[in-house]
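Trainee: model this:
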Amino acid sequence: MKKIKSEHFECMKEDNSEEEYEKQWKKSKIIFDDFYEYLKNKGLKESTAGKRAEMAAYFIMDYLFVYDDALSILEVSGDTIRMFLGNWYIRKFMNPRMSEIKSFLRAISDLFTFIRNEGFITDEDLKEIKDVCKDTAWFEMRLETYFAAEGDEFYEWRREYDYDGL
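Mentor: Got it, this is the predicted structure:
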């Protein structure tokens, strides 16, 4: 089995084409495969481990490397997660649900616990990520206020943790 290296966390995409996505996937896949094995070894069912690994890969491949323009998975912070689930997800998904937000939070928390266990981030980095992932009340508030906001309220809602940089 190949060992994860820091280069596997790096974004190498030059654009958001299908070809670049495939190159990135080949480079980063080892992280998600090892993460899946880590979850199974923790005692999760294959289906649960697979769903969490899939959600973590979605966060990285479809949000972080596309909208956040991060150069590395190791750049993820609490603010990154708030932008992803407290703004982008709510605006981009047809029917955003709190149950799915909570599933993403569990997947992200587990992914970065795994990354910490592999020695790629510090305890402080992990604590920041875990604290945000535990703050489900904030994400519930964001989801509720999105649907209630009108006019200037909506503009203010959108500006907070906006991934578009408006």
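
Trainee: Give me the contact list for the lowest-mean-pLDDT helix or strand in the chain.
Mentor: Here the helix or strand of the chain ranked lowest by mean pLDDT, DSSP states H and E is helix 152-159, holding a mean of 90. With contacts defined as Cβ atoms under 8 Å, 6 or more residues apart in numbering, helix 152-159 is touched by Asn87, Arg91, Arg142, Thr145, Tyr146, Ala149, Leu166. (C-beta placed from N, C-alpha, C; glycine too.)

Trainee: Closest one of the residues you listed to Tyr21?
Mentor: Arg91 (21.7 Å; Cβ to Cβ).

Trainee: So that closest one versus Glu37, what's the distance?
Mentor: 34 Å (Cβ to Cβ, to the nearest Å).

Trainee: thinking again about what came up before, which of the contacts of helix 152-159 are buried? Put it as a ChimeraX command.
Mentor: Listed next is the ChimeraX selection for buried residues among the contacts of helix 152-159, using 16 or more other Cβ atoms under 10 Å:
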select :87,142,146
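
Trainee: what's in contact with the longest helix seen in the chain?
Mentor: Counting residues, the longest helix in the chain under DSSP state H turns out to be helix 18-41. The contact list for helix 18-41, computed with Cβ under 8 Å, 6+ apart, reads 2, 4, 7-14, 46, 48-50, 52-53, 56-57, 60-61, 65, 73, 110-111, 114-115, 117-118.

Trainee: Number of residues surrounding Lys134?
Mentor: Counted with other Cβ atoms under 10 Å, the neighbours of Lys134 add up to 11.

Trainee: mind starting the numbering at 565 from now?
Mentor: Will do, 565 is the new start, and the previous item becomes Lys698.

Trainee: Look at it and report its pLDDT.
Mentor: Confidence at Lys698, expressed as pLDDT, is 98.

Trainee: Provide a list of residues in contact with it.
Mentor: Leu669, Ser673.

Trainee: where does it sit relative to Lys566, distance-wise?
Mentor: Distance from Lys698 to Lys566, by Cβ to Cβ: 33 Å.

Trainee: Equivalent analysis for Ser592, please.
Mentor: 12 Å.

Trainee: And for Lys691?
Mentor: Lys691 is 29 Å from Lys566, by Cβ to Cβ.
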